[in-house]
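Peer 1: Fold the following, please.
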Amino acid sequence: MSNRDKTALMDGMPCFPMLKSVTIPVNDLTKIPHQKQEFIMFSSHYRILIVCLFWIVFQTTQAYSEDCVHGNNIPTTEKRPAAAFHTVNAKGAFDIDIRNRQSVKLTVTADQNLLPSIITKVEGGTLYIYADRSICTKRSLAILIEGKDIQKIQSSGANDISYSDIQADKLEIIVDDAGEIHLSGKSKTLIARLSDAADMEAENLRANEVDISASGACDATVYASKKLNAVITGSGTITVHGNPEAVTKKISDAGELVLE
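Peer 2: Predicted coordinates for the structure are as follows:
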């Protein structure tokens, strides 16, 4: 394939034009050794490629799976029974809204014919959320969760999760792939493990102590008032608010820790 053909192929894919727009100010580059410049530019491309890869795989799976269930464009909200749980484990591409409440409630909103394929079940104190077959839909797969003392959230895939009104002694967050999570409230301790192209916005979660690791091309914002332990591997960035009294950090590659 010629260079011209390769360029045409890349232009036809939604993510690749983004690669051409990745720039770093010249003034900044002059302060960085040449090898470091190349690595930073590679890391920027790497982050975009990860997001694009998940998008391509997701779209290809949705479009070509023989077992794909197509939505019928009839939005329906279904209330589901759920026992008490303290952990949420989600796999897929769901929009999940978690609220700290006294009683347990669970609702799922999606195209009517897709609801049977969206599984929500509680086992061993964990609420599992996933689809038991490929789903093709133009609508979001929305899940509203209300519960008390949710201590751990684990996400794989491209989930977009929001957890509000948090009142916890300890909260553990694990996000892989291209997932996003937004946190607000209070927790004495926050433990976060991010990988691949995960994003976490937790500056509105007032925590005393934060223990966070980010590998790959992750972005995270946290608040820590007393103690911070941060490990960054890859090209990730962790921004810290709260002016913590004690900071321990380990950074490799093009990772960055920003204290604000």
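Peer 1: by contact count, what packs against the helix or strand harbouring residue 89?
Peer 2: Assigned by DSSP states H and E, residue 89 belongs to strand 87-92. Packing contacts for strand 87-92, counted by 3 or more C-beta pairs under 8 Å, 6 or more residues apart in numbering; DSSP states H and E, involve strand 95-100, strand 126-131, strand 152-157. Where C-beta positions appear, they are placed from N, C-alpha and C, glycine not excepted.
Peer 1: Dump the ones you listed to a markdown table, plus mean neighbour count and mean pLDDT.
Peer 2: Shown next, in a markdown table, are those (neighbours: other C-beta atoms under 10 Å; pLDDT from 0 to 100):
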| stretch | mean neighbour count | mean pLDDT |
| --- | --- | --- |
| strand 95-100 | 19 | 98 |
| strand 126-131 | 19 | 98 |
| strand 152-157 | 21 | 98 |
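Peer 1: And the ones you listed: which comes nearest residue 216?
Peer 2: strand 152-157 (13.8 Å; C-beta to C-beta).
Peer 1: so for the strand holding residue 89, what's the average pLDDT?
Peer 2: Strand 87-92 carries an average pLDDT of 98.
Peer 1: Point out the one among the helices and strands packed on strand 87-92 that comes closest to residue 120.
Peer 2: strand 126-131 (5.5 Å).
Peer 1: tell me the mean pLDDT over the following helix or strand past that closest one?
Peer 2: Toward the C-terminal end, the helix or strand that comes next after strand 126-131 (DSSP H and E) is strand 135-136. For strand 135-136, mean pLDDT is 93.
Peer 1: what's across from the closest residue to residue 198 other than its chain neighbours in the sheet?
Peer 2: Nearest non-adjacent residue to residue 198, counting by C-beta to C-beta, 6 or more residues apart in numbering: residue 175, 4.0 Å away. With DSSP bridges as the criterion, residue 175 is bridged to residue 155, residue 194.
Peer 1: looking at the helices and strands packed on strand 87-92, which is closest to residue 228?
Peer 2: Of all the helices and strands packed on strand 87-92, strand 152-157 comes closest under C-beta to C-beta, at 20.4 Å.
Peer 1: between that closest one and strand 87-92, how many degrees?
Peer 2: 10 degrees (axes from the mean of the first three to the mean of the last three C-alpha atoms, to 10 degrees).
Peer 1: Need the contact partners of stretch 113-126.
Peer 2: Stretch 113-126 is contacted from outside by 69, 71-72, 74, 76, 78, 80, 82-89, 106, 108, 110, 127-133, 135, 137, 141, 143, using C-beta atoms under 8 Å, 6 or more residues apart in numbering.
Peer 1: Which among those count as buried?
Peer 2: Among the contacts of stretch 113-126, those classed as buried by neighbour count (16 or more other C-beta atoms under 10 Å) are 69, 71, 82, 85, 87-89, 106, 108, 110, 127-131, 135, 137, 141, 143.
Peer 1: export the helices and strands packed on strand 87-92 to JSON lines and tack on distance to residue 223?
Peer 2: What follows is the helices and strands packed on strand 87-92, written out as JSON lines (distance: least, C-beta to C-beta, whole Å):
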{"stretch": "strand 95-100", "distance to residue 223": "17"}
{"stretch": "strand 126-131", "distance to residue 223": "26"}
{"stretch": "strand 152-157", "distance to residue 223": "17"}
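Peer 1: wait, which of these is closest to residue 168?
Peer 2: Residue 168 sits nearest to strand 95-100 of all these, at 8.4 Å, using C-beta to C-beta.
Peer 1: State the next helix or strand along the chain beyond the closest one.
Peer 2: Using DSSP H and E, the helix or strand that directly follows strand 95-100 along the chain is strand 105-111.
Peer 1: That following strand - contacts with which helices or strands?
Peer 2: So strand 105-111, by 3+ C-beta pairs under 8 Å, 6+ apart, packs with strand 75-80, strand 118-123, strand 142-147.
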